[in-house]
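Q: The sequence isn't on hand, but the structure is:
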């Protein structure tokens, strides 16, 4: 059976950590020089083991095994959020690289492991999951034209040209080539750590339902306008927010989460009654009926607040995707690998964060595996996972991949 | 008795309205070319009636009557908020100009009316009431050095130099010269209009007590962090806001107003639990004991929210001035003038907005008079007052000034 070399995987991760190092984390925005250096690092590693390797027209790094089939695809992403963690994305890429090496070295496993580092999972550019959508053939040239860097570096086309990728074709996968897709990732929460477990096996990736709620009142002078005659859009927003926090604990599911992450009062002067207010509200769950119940509740609360007056309230749907179910085949392979290598030391759980695996799951059988995040911290340079957990994860990952190849 | 020429005052206001005209309002930020043109227009008018006139080193326009005393000072401001109303400030300056002319023309009134247009009542520059503070001698050179334009035009010193005022001395009043200061203004609220009355006589200018309340929690991923383990600073802010809106109607005074005009969640991403939140909260009242009661209530609510956890909450006082009482002498003169010229057509009321008269009131007996604002609108280009109300106000103002001069 193919076996991981966990120290080799850990060494790779420490090498990657040097590229764009920031404090104990990394700063590798998509298509930045540091990001491109990380992609070239991976391409070199893949070429060194004989994979046919390209960095394609959207900066996906794809390495295809030259061995005869069957094939599994593994990977994640290499760019980071700004000044963020060293393992977010990199872990899943290095595990896939390690699996490719371990399978190539094994005498008792047929087939090969293709490796991919998707572009821009972190969403530096407008749109979402541009890399995996490109690789699965759902990203149009119009989508490419429309993508713009959110921090002002210009269009995706411009940044690709700056990175030396202008004119390169975008690679699309042949779904028939793959028995499964595997993505490993840090948990980004504290469920594994709290339970004292080493491996998480993902059942489904939760869906995010996101809304913009806009309140219109009457902008006015905060000194001369009596309380009775005010139409304070900010206060209307606060009232809805309060009703949400009151109602949702009763109607949500046990694993639901909901968040007001952004609010705005206009014009925003201390002495001006806000004439307009806006909040971005999202909730997440892995169950469609729970999502629908939360949606119905939100609609009713917005209607109630508007009916109570004196401000109008309008609900706009920004996104309502379906939860992405992981495929039983590769999911069970991870469970069996974990049960064999680290018995009773794993949890079966949904993923609260979004991942490229949710895009892949619509095209090929896909599975995800988590390792613990220390204190549950992510999207911050202090994100971390113990070396022991990193190495344990590599062993489980390679074993699971080998199980799928043997069963195919 | 001196009598206003209301058509002459109205004609002046229409002339001023042309300077920096924007839709039906004006755009005359402090020290802009349009503001300086308005100041020069006033200086010319004052010189034409024989007043010793200067535009001083902070752009206060001061015209001193050459007649023998006693003297009254009248005025307001000429600059506007951005794209705001044509009468806010200008009305009080033109009424004072009209009073200076009417008293000079009257054979039966001894004395003269000095006229002032204060600089930057609208607070385009940091600090507050720079013009009246300079004229009353409380503005230091260090305050001058520190003042910066809030919209990025640079320091006050720089903008004064651009306006051609560098090196000019700042004029300070001799408080012994004046029997009283009069400021007329549009109401900026709808109390007169709602009551169907033409004149407001101000008893006191309310004090603004303003606070920054800061909440600290734990920034985290909005998908992977369970509801139970969150420390959502935005939610803590909403909880305080809700408690304020719940408690204040019970403990505030009948004329109290309170406003949350600005809030901020950090980092402000839809998928990030806010780790920090901030709100600017203010309340206003003319009674010290009511202000103190609201302060005590606010302190308790902040303590309660912090004690409830899981976020900290900190209350910072940004400003706690005292209400400015208007002086009985000139205040009664306005009441008598109104009762004579427009019986039962006036209201005695506090001012919810701040004015230069609150600075002047600490140095000389000061009074304020309002005319109605259509729909209570102010700080917007659609601000307006009927010609009839403007003319009626001029008559009452001049009569009140003459009463004080005769009584002195």
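A: Great, that's in hand. It should be emphasised that the depicted structure is a prediction, and the values quoted were computed from it without experimental measurement. Residues are numbered from 1 along each chain as shown, chains lettered A, B, ... in the order given.

Q: How far off centre is the worst-scoring helix or strand of chain A on mean pLDDT?
A: Of all helical and strand segments in chain A, the minimum by mean pLDDT, DSSP states H and E falls on strand A:220-221, at a mean of 88. Centroid separation for strand A:220-221 versus its chain: 44 Å, with C-alpha atoms, centre = their mean, to the nearest Å.

Q: List the neighbouring strands of it plus their orientation.
A: Strand pairing for strand A:220-221, using DSSP bridges, gives strand A:272-273 (antiparallel).

Q: circling back to that earlier point, same for the helix or strand just after the least confident helix or strand of chain A, what does it pack against?
A: Next along the chain after strand A:220-221, taking DSSP states H and E as the criterion, comes helix A:233-251. Contact analysis of helix A:233-251 by 3 or more C-beta pairs under 8 Å, 6 or more residues apart in numbering or on different chains; DSSP states H and E lists strand A:207-216, strand A:257-266, strand A:276-285, helix A:288-308, helix B:233-251, strand B:257-266 as its packing neighbours. C-betas here are computed from N, CA, C, even on glycine.

Q: Need the ones you listed in JSON lines (columns: distance to residue A:151 and mean pLDDT).
A: Converted to JSON lines, the helices and strands packed on helix A:233-251 look like this (distance: least, C-beta to C-beta, whole Å; pLDDT from 0 to 100):
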{"stretch": "strand A:207-216", "distance to residue A:151": "21", "mean pLDDT": "97"}
{"stretch": "strand A:257-266", "distance to residue A:151": "16", "mean pLDDT": "97"}
{"stretch": "strand A:276-285", "distance to residue A:151": "18", "mean pLDDT": "97"}
{"stretch": "helix A:288-308", "distance to residue A:151": "31", "mean pLDDT": "98"}
{"stretch": "helix B:233-251", "distance to residue A:151": "23", "mean pLDDT": "98"}
{"stretch": "strand B:257-266", "distance to residue A:151": "17", "mean pLDDT": "97"}
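
Q: okay, those in JSON lines with mean neighbour count and distance to residue B:110 next?
A: Output for those, formatted as JSON lines (neighbours: other C-beta atoms under 10 Å in any protein chain shown; distance: least, C-beta to C-beta, whole Å):
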{"stretch": "strand A:207-216", "mean neighbour count": "21", "distance to residue B:110": "56"}
{"stretch": "strand A:257-266", "mean neighbour count": "22", "distance to residue B:110": "53"}
{"stretch": "strand A:276-285", "mean neighbour count": "23", "distance to residue B:110": "55"}
{"stretch": "helix A:288-308", "mean neighbour count": "16", "distance to residue B:110": "61"}
{"stretch": "helix B:233-251", "mean neighbour count": "20", "distance to residue B:110": "50"}
{"stretch": "strand B:257-266", "mean neighbour count": "22", "distance to residue B:110": "42"}
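
Q: quick one: the strands in the stretch 1-150 of chain A?
A: Assigned by DSSP state E, counting those that start in this stretch, the stretch 1-150 of chain A shows strands spanning A:21-22, A:25-26, A:52-55, A:61-64, A:71-77, A:112-118.

Q: re earlier: now the helices and strands packed on helix A:233-251 in JSON lines, with distance to residue B:329?
A: Below are these laid out as JSON lines (distance: least, C-beta to C-beta, whole Å):
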{"stretch": "strand A:207-216", "distance to residue B:329": "46"}
{"stretch": "strand A:257-266", "distance to residue B:329": "42"}
{"stretch": "strand A:276-285", "distance to residue B:329": "45"}
{"stretch": "helix A:288-308", "distance to residue B:329": "48"}
{"stretch": "helix B:233-251", "distance to residue B:329": "35"}
{"stretch": "strand B:257-266", "distance to residue B:329": "29"}
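
Q: between the ones you listed, which gets nearest to residue B:386?
A: strand B:257-266 (25.7 Å; C-beta to C-beta).

Q: what angle sits between the closest one and strand B:207-216?
A: Angle of strand B:257-266 versus strand B:207-216, following axes from the mean of the first three to the mean of the last three C-alpha atoms, to 10 degrees, is 30 degrees.

Q: Domain-wise, how is chain A divided?
A: Residue ranges for the domains of chain A, per automatic domain parsing: A:6-206+A:323-407, A:207-320.

Q: what's the most buried one of those domains?
A: Among the domains of chain A, the stretch with the highest mean neighbour count (mean count of other C-beta atoms under 10 Å in any protein chain shown) is domain A:6-206+A:323-407, at a mean of 21.

Q: pLDDT value on the residue of chain A positioned farthest from its centre, please?
A: No residue in chain A sits farther from the centre than residue A:224, which is 49.2 Å out by C-alpha atoms, centre = their mean. Note on residue A:224: pLDDT of 90.

Q: gap between it and residue A:282?
A: Here the criterion is C-beta to C-beta, to the nearest Å. By it, residue A:224 lies 38 Å from residue A:282.

Q: Also residue A:174?
A: From residue A:174 to residue A:282 the distance is 35 Å (C-beta to C-beta).

Q: try residue A:15
A: Residue A:15 is 36 Å from residue A:282, by C-beta to C-beta.

Q: which residue packs closest to residue A:189, ignoring adjacent ones?
A: residue B:224 (3.3 Å; C-beta to C-beta, 6 or more residues apart in numbering or on different chains).

Q: residue contacts, the one you found?
A: Contacts for residue B:224 (C-beta atoms under 8 Å, 6 or more residues apart in numbering or on different chains) come out as A:187, A:188, A:189, A:351, A:352, A:353, A:376, A:378.

Q: which two from the residues you listed end up farthest apart in space?
A: Pairwise distances across the contacts of residue B:224 (C-beta to C-beta) peak at 13.6 Å, for the pair A:351 and A:376.

Q: so is the residue nearest to residue A:195 when sequence neighbours are not counted in a helix, a strand, or just coil?
A: Nearest non-adjacent residue to residue A:195, counting by C-beta to C-beta, 6+ apart: residue A:347, 5.9 Å away. Secondary structure assignment for residue A:347 (DSSP: H, G, I helix; E, B strand; the rest coil): strand.
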